[in-house]
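# need coordinates for the following:
(one chain, ligands or ions: 1)
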Amino acid sequence: MTHPTACDEYAHQQRSPWGERDASDRRAMLTEILAQVSMEALQGDTLEAVLQRIVDCVARCLPVAIASIILLNDDDTHFVQEVWSGGIGLELPIELPWPVTIGAAGRCARSGEAQLITDVQADADYVPGNRDVKSEYLVPIRHRGHLHGVLNLESTSADFFTAEVCAMFDAVALQIAGTVHLARVVRELELANRKLEQLSMSDGLTGIANRRSFDQRLVEEWQRHAQSGESLALLLVDVDCFKALNDACGHVFGDECLRELARLCAEIVDGMQAHVSRYGGEEFVLLLPGCDLDTAQQLGVDLCRRVEALAIGHPASVIANHITVSIGVSAGRPDPRQPPESLIAVADRALYLAKAGGRNAVVARSCM
Ligand SMILES: Nc1nc2c(ncn2[C@@H]2O[C@H](COP(=O)(O)OP(=O)(O)OP(=O)(O)O)[C@@H](O)[C@H]2O)c(=O)[nH]1
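Modelled structure (predicted):
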């Protein structure tokens, strides 16, 4: 059940029109509306919803024909978003985004000063949206020197915007400014958090996923495949004689080589929904959902060939005069009683055999 707000009550009391209220009654009403706007600023899920509640509240409680909030872009050059409420229709000849060089709202934004227009027909900048509008009051929405937009109020009465009414709208604009500022801070924080989350999951050198990301994905895929009964495969890829490469060509060259290999690992599984990550040092891991041992082994063989085809020179290798890799492959239907790491352990043993057998080779072992 929803309770009537102070604003609703005042809207109800509009049977006694604004013009017939005495000064103290009006003052009390303005104070109540301001309190109500403050409450509205705390409701709503999105900034747009909050701003809509505020203009609705103003238009419902006071004899303003139109109440709108027009927000600026970051450079303050264009109005880019508008919410409005009111009892009369608007037919504006301009559409968003519109430059601040146009209209009385533009003048308000450019000057940073409130604009009281007691006769809109006599104002050269006024853009008519409805012929019944007689007066207009525009207030900059500014928070600590930063202009966010303009609060626009239009009335069909020429003398509605008294000093007292204007002062209340100045306060409403301040309230809106705080709300917009807070929403923008929250949005920036969310973006920064997303960026941090991405950074914490990616490898700084190669740009692919890191070990942390792999560990998470392995647990997820292990559980998912244990449920579905599908086969999950893993390729553990290790560069041969990488220490010797660093020693012979320097770490910068070694780094560049790791970047190239990371790019190739990602490329070879393109379109397969595989998860490719840097497992550590000169090791990469490819996690292949729904993949059986034979397919994974074939992929390993392809990868070995494609690494050779890159023909990255390796003057200190005991296998060839270019970079080669050894690959351990494991696959099987995950046993929910076993830990996910058992898939790595099997691939690691297979990798050991590939190294022991002379390197530049693929050894595959089933997890069954
Ligand atoms: N350039 C560079 N080198 C790294 C990086 N991370 C680890 N390494 C080096 O990778 C080398 C790995 O050496 P090892 O584990 O002995 O392996 P390996 O020389 O490839 O020998 P095999 O695997 O038996 O063929 C070490 O010298 C590490 O310093 C990195 O980010 N950049």
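# which residues in the stretch 51-200 of the chain form helices?
103-111, 163-200 (DSSP state H, counting those that start in this stretch).
# for the ligand, find the nearest of these.
For the helices of the stretch 51-200 of the chain, the distance to the ligand is smallest for helix 163-200, at 17.1 Å, taking C-beta to the nearest ligand atom. To be clear about C-beta, it is placed using only N, CA and C from the backbone, and glycine gets the same treatment.
# which bits of the stretch 101-250 of the chain sit near the ligand?
205, 238-244, 246 (C-beta under 6 Å from any ligand atom).
# does L234 sit in a helix or strand, and which one?
Here L234, judged by DSSP states H and E, is contained in strand 232-239.
# ranking the helices of the stretch 51-200 of the chain by burial, who's on top?
Burial of the helices of the stretch 51-200 of the chain is given as mean neighbour count (mean count of other C-beta atoms under 10 Å); helix 103-111 ranks first at a mean of 21.
# so which residues make contact with that one?
70, 72, 76, 79, 94, 98-101, 114-115, 117, 123, 125-127, 136, 138-140, 147, 149-150, 152 (C-beta atoms under 8 Å, 6 or more residues apart in numbering).
# tell me how far it is from the chain's mean position?
31 Å (C-alpha atoms, centre = their mean, to the nearest Å).
# returning to that earlier point: now which of the contacts of helix 103-111 would you call buried?
70, 72, 79, 98, 100, 114-115, 117, 123, 126, 136, 138-140, 147, 149-150, 152 (16 or more other C-beta atoms under 10 Å).
# gap between M272 and L299?
Relative to L299, M272 is positioned 9 Å away (C-beta to C-beta, to the nearest Å).
# let me fix that, I meant to ask about L232.
In terms of C-beta to C-beta, L232 sits 14 Å off from L299.
# kindly report the same for R110.
62 Å.
# which one of the residues in the chain is closest to the ligand?
G254 (2.7 Å).
# quick one, the helix or strand hosting that residue and strand 232-239 angle?
Element membership for G254, per DSSP H and E: helix 251-268. Calculated by axes from the mean of the first three to the mean of the last three C-alpha atoms, to 10 degrees, helix 251-268 forms an angle of 150 degrees with strand 232-239.
# what residues sit buried inside helix 251-268?
So helix 251-268, judged by 16+ other C-beta under 10 Å, has buried residues 254, 257-258, 261-262, 264-266, 268.
# dump the residue contacts of V318.
241, 244, 359 are the contacts of V318 under C-beta under 8 Å, 6+ apart.
# A158 too?
118-119, 134-135.
# write the ChimeraX selection for whichever of these are buried.
In ChimeraX syntax, the buried subset of the contacts of A158 is picked out as below (16+ other C-beta under 10 Å):
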select :134,135
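# which helix or strand in the protein has the lowest average pLDDT?
Lowest by mean pLDDT, DSSP states H and E among the helices and strands of the chain is helix 6-12, with a mean of 52.
# which bits of the stretch 251-368 of the chain sit near the ligand?
251, 254-255, 258, 281-282, 355, 359.
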